[in-house]
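Enquirer: I need the structure of the sequence given here:
(one chain, ligands or ions: 4)
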Amino acid sequence: MFKIIVLFAVLLFSAYIESAEYPSHVGKSPFSFDTINTPSNTFVVSDKGQDNDVYILRDDAKTFDLQFSLKIDRYVGDVAKLKENKLISDKFIISMPVFDVDNESVLQDCDYDGELDHLAAEIDEVYFNGEPIGFLSGSNELWSENTFEMDISKLNLPTSPGEVSENLVQIRIDIGNENVELSSGAIGCQKWAVEVDYVTLEYQVADPVLFLPGMGGSDSAFKNSGYIQVVEDLGLPYLIVEHDHYPEKNACINNDAGSIKEFGGEILNAAKEFSEMYKNNNFNLIAHSKGGLDARYFVYLTNNSNVLVENGVMDGSVILKPMNVNSLVSHGSPFYGTILADAIKFDQIKYSIAPKILFADICDITIDMATKFSEDYSFPSEQKFLSISGNIDADDNGTLSSDEVSGNQVNQHFSQRMFDLIKGVSHYEVNYEKAYFQSFEYDKPIYVPIPNSSPKQNDSMVSVDSASPMDSNKNVSIYANHGTVIQDKAQEVFLNEALGGMLGWSNLK
Ligand SMILES: [Ca+2]
Ligand SMILES: [Ca+2]
Ligand SMILES: [Ca+2]
Ligand SMILES: [Ca+2]
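Expert: Ligands and ions are numbered 1, 2, ... in the order given. Got it, this is the predicted structure:
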């Protein structure tokens, strides 16, 4: 019985080892690489190659005595643009723990002729991608960390998604004694040996962007707004996560925020597919309208289901890292719903059938549903969240001019009606009165609009309050309607916060 338990324990333990996210450290140095950082596509490690962990002398038959291959599979974007925008580190760092770099010259009879020879101290020359970059330093019989800082332009990064680039660190051992003249007239002495446990290289870069459209899921709003171009100009890879179909569940019947969960799950699938190609695990999100609610659910999924994606290669093994969201920028997102959806759901406005058919998810942004959803799936404070809200009535005169509605999804007449509704009505109360259908008695709902205590600013579809949730780190309100809330003014706010502001996209170590 005891043996069986032990066997099970061994099986469980080995299963655990196999599910590790990167190969564990092998080698004698006291500084394991994962005490510095976890291996990934930006912290690349060579630990177990044929030249790792061997204590060897110079081999005169070889140009390089030691060679370490560091592979990068991540496509970071347009490096020149990233550099210009400070979204990639200017430098990268090569590090390696090395054993026994002897600093002192010695007198020793290397050619065994009975006469001492003057031998140089240990000089081990390091090369990166064929170029000499310096010498190892350390002490007799001790491990020492060696680091070399280099310009990012020297790093071989993949130039397209799917490519794997290679970087070579090579070392020539004991070159000071390669051509030393010995007392017998012979040339060269193999005096000093050295050992390298592992080699790492580290750089920092900002994360790709997922654009999350609002209801209808079309990519056209983001494309027409110029937002895509702004991100392209930063040099970052991106994807517009379109959804070209209606939600499977009709939110107006199910009442369970099902469409938000459905589209949140679709964002996760799209993100996984993107990661497979780009080998990134972190994302920045830019959402319009209901996309902000979908984003909440996607963030919840990544934080709670440990989705592992391929994130680098290490000595031939794939490194896995959990998918994660770095930041969210929302634009006119109805986090606490919109009275417009309530009015449509309760048939309190003309033509309410059409939007219910066109957008089967409209009822998930009713005030009660969206508010409960935003509370249930609150955004973690350690992830950055910028909310941008729109106020359509730029001159505050209560009347929407053609300028104010320009770029909105609906015409001036509808914009004004929706603006007035959101401005004036807080919510609907439902009373029931007895009614008859043929001879059946039933309770007929009567919806009573309850006015706002004070007029609510809005973008004609979503109020400023609803688009400025309690759990965002910062809210900025701009003069814009629901269509233009992703245009130039919003893009300017976004850029300020991404490059040096609270979103921290350029906070590279
Ligand atoms: Ca000699
Ligand atoms: Ca040595
Ligand atoms: Ca090693
Ligand atoms: Ca006005």
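Enquirer: List the residues that contact residue 152.
Expert: When contacts are counted by CB atoms under 8 Å, 6 or more residues apart in numbering, residue 152 touches 79, 83, 88, 89, 90, 91, 92, 203. Quick note: C-beta positions are derived from backbone N, CA and C, even for glycine.
Enquirer: what do you get if the cut-off is 6 Å, keeping everything else the same?
Expert: 90, 92 (CB atoms under 6 Å, 6 or more residues apart in numbering).
Enquirer: Could you break this structure into its assigned domains?
Expert: 22-202, 209-391+465-498 (automatic domain parsing).
Enquirer: quick one: the last one near ligand 3?
Expert: No: for domain 209-391+465-498 and ligand 3, the contact criterion (CB under 5 Å from the ion) is not met; the two come no nearer than 9.0 Å.
Enquirer: Residue 70 versus the closest residue to ligand 3 within the stretch 201-350 of the chain, what's the distance?
Expert: Nearest to ligand 3, among the residues of the stretch 201-350 of the chain, is residue 315, at 9.0 Å (CB to the ion). Relative to residue 70, residue 315 is positioned 10 Å away (CB to CB, to the nearest Å).
Enquirer: and the gap between residue 59 and residue 312?
Expert: The value you get for residue 59 to residue 312, if CB to CB is used, is 31 Å.
Enquirer: neighbour-wise, which of the two wins?
Expert: More neighbours surround residue 312 than the other of residue 59 and residue 312, with 24 against 13 (other CB atoms under 10 Å).
Enquirer: Now tell me what touches the helix or strand harbouring residue 432 from outside.
Expert: Per DSSP states H and E, residue 432 falls inside strand 425-437. If you take CB under 6 Å, 6+ apart as the criterion, strand 425-437 is touched by 339, 342, 346, 367, 441-450, 452.
Enquirer: So which of these belong to helices?
Expert: 339, 342, 367 (DSSP state H).
Enquirer: Could you give me the PyMOL selection string for whichever of the residues you listed are buried?
Expert: Applied in PyMOL, the following selects the buried portion of the ones in helices among the contacts of strand 425-437 according to 16 or more other CB atoms under 10 Å:
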select buried, resi 339+342+367
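Enquirer: The strand holding residue 432: which residues count as buried?
Expert: 425, 427, 428.
Enquirer: export those to JSON lines and tack on pLDDT and distance to ligand 3?
Expert: Formatted as JSON lines, the buried residues of strand 425-437 follow (pLDDT from 0 to 100; distance: CB to the ion, whole Å):
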{"residue": "425", "pLDDT": "97", "distance to ligand 3": "68"}
{"residue": "427", "pLDDT": "95", "distance to ligand 3": "64"}
{"residue": "428", "pLDDT": "95", "distance to ligand 3": "68"}
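Enquirer: What residues does the stretch 301-450 of the chain have near ligand 4?
Expert: So the stretch 301-450 of the chain meets ligand 4 at 393, 395, 397 (CB under 5 Å from the ion).
Enquirer: Nearest to residue 476 among the residues you listed?
Expert: Nearest to residue 476, judged by CB to CB, of those is residue 393 at 17.3 Å.
Enquirer: need the strands for the stretch 151-300 of the chain, in chain order.
Expert: For the stretch 151-300 of the chain, applying DSSP state E, counting those that start in this stretch gives strands covering 165-172, 195-196, 199-202, 209-212, 238-240, 282-288.
Enquirer: What distance do you get for the closest residue to ligand 1 within the stretch 301-450 of the chain to residue 25?
Expert: The minimum distance from the stretch 301-450 of the chain to ligand 1, using CB to the ion, falls at residue 315 (41.7 Å). To residue 25, residue 315 is 11 Å away according to CB to CB.
Enquirer: Could you do residue 456 as well?
Expert: Note on residue 456: its distance to residue 25, by CB to CB, is 58 Å.
Enquirer: still on that earlier bit, of residue 315 and residue 70, give the one with the bigger neighbour count.
Expert: Taking other CB under 10 Å, residue 315 and residue 70 do not tie; residue 70 has more neighbours (24 against 19).
Enquirer: Pretty sure that one sits against residue 203.
Expert: No: the criterion here is CB atoms under 6 Å, and residue 70 misses it with residue 203 at 11.3 Å.
Enquirer: Name all residues that make contact with the residue of the stretch 301-450 of the chain closest to ligand 1.
Expert: Neighbour list for residue 315: 47, 48 [criterion: CB under 6 Å, 6+ apart].
Enquirer: Now do the phi/psi pair for it.
Expert: Per-residue torsions, residue 315: phi 50, psi 40 (degrees, to the nearest 10).
Enquirer: Which residue, neighbours along the chain excluded, lies closest to residue 207?
Expert: Counting by CB to CB, 6 or more residues apart in numbering, residue 207 lies nearest to residue 282, which is 4.2 Å off, once chain neighbours are set aside.
Enquirer: And the pLDDT at the one you found?
Expert: For residue 282, the pLDDT comes out at 96.
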